[in-house]
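**Q** okay, structure incoming, though there's no sequence with it:
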């Protein structure tokens, strides 16, 4: 009878360990998010399922062109997926021709689906704070992003993770 009780206790502890590890992984290391809307077309499509790395930005800051998930400042139940364009301390400006400048230098990138029609609040330039990032959707003319005063600069504390893998409908790395 003692051996049965020991075996049962061992099984219960093993199951608790598995559930505890799954909980920690899901809350602090990785997660899944569903894309809502066309703002990241052509990189990501509406209803794509993506995997995010929640841990990497605890060790380092996002890099330019990373695709991130962040909490919308005015509704913490709403997540946005955008591409990092401007880094802390930089000044980001978008001119009337839709060109993006970082600290007065033209940004060479080819992620935007089309030329930016509305520079929004970045027309006169936005200087980012110590822990702030400027983000844009790849579908530049159909995206609520840092050009919109309701979104603005994204603080590091709002960032939930780095999008790195598309799960559905087509499995693959997100660049």
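**A** Right, received. Where do you want to start? Note that the coordinates shown come from a computational prediction; the quantities given were computed from them, not determined experimentally.
**Q** which residues touch the most centrally placed residue in the chain?
**A** Closest to where the C-alpha atoms of the chain average out (C-alpha atoms, centre = their mean) is residue 68, at 1.4 Å. Each residue near residue 68 by C-beta atoms under 8 Å, 6 or more residues apart in numbering is listed here: 62, 81-84, 133, 135, 154, 159-163. Quick note: C-beta positions are derived from backbone N, CA and C, even for glycine.
**Q** identify the farthest-apart pair in the residues you listed.
**A** 83 and 160 (15.0 Å; C-beta to C-beta).
**Q** for the two, indicate the residue with more neighbours.
**A** Ranked by neighbour count (other C-beta atoms under 10 Å), residue 83 and residue 160 place residue 83 first, with 24 against 18.
**Q** does that one touch residue 138 like I think?
**A** Yes: judged on C-beta atoms under 8 Å, residue 83 makes contact with residue 138 at a distance of 6.1 Å.
**Q** got any residues that touch both of these two?
**A** Here residue 83 and residue 138 share the contacting residues 40, 43, 111, scored by C-beta under 8 Å, 6+ apart.
**Q** quick check, the last one in contact with residue 137.
**A** No: the pair formed by residue 111 and residue 137 falls short of the contact definition of C-beta under 8 Å, at 9.5 Å.
**Q** overlap in contacts of those two?
**A** Joint contacts of residue 111 and residue 137 (C-beta under 8 Å, 6+ apart) are residue 83.
**Q** and those two? which has more neighbours close in?
**A** Between residue 111 and residue 137, counting by other C-beta under 10 Å, residue 137 is the more crowded of the two (27 against 16).
**Q** pLDDT, distance to residue 174 and secondary structure added to the contacts of residue 68, as CSV?
**A** Output for those, formatted as CSV (pLDDT from 0 to 100; distance: C-beta to C-beta, whole Å; DSSP: H, G, I helix; E, B strand; the rest coil):
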residue, pLDDT, distance to residue 174, secondary structure
62, 98, 14, coil
81, 97, 10, strand
82, 98, 12, strand
83, 98, 10, strand
84, 98, 13, strand
133, 98, 17, strand
135, 98, 15, strand
154, 97, 18, strand
159, 96, 16, strand
160, 95, 15, strand
161, 96, 12, strand
162, 97, 9, strand
163, 97, 5, strand
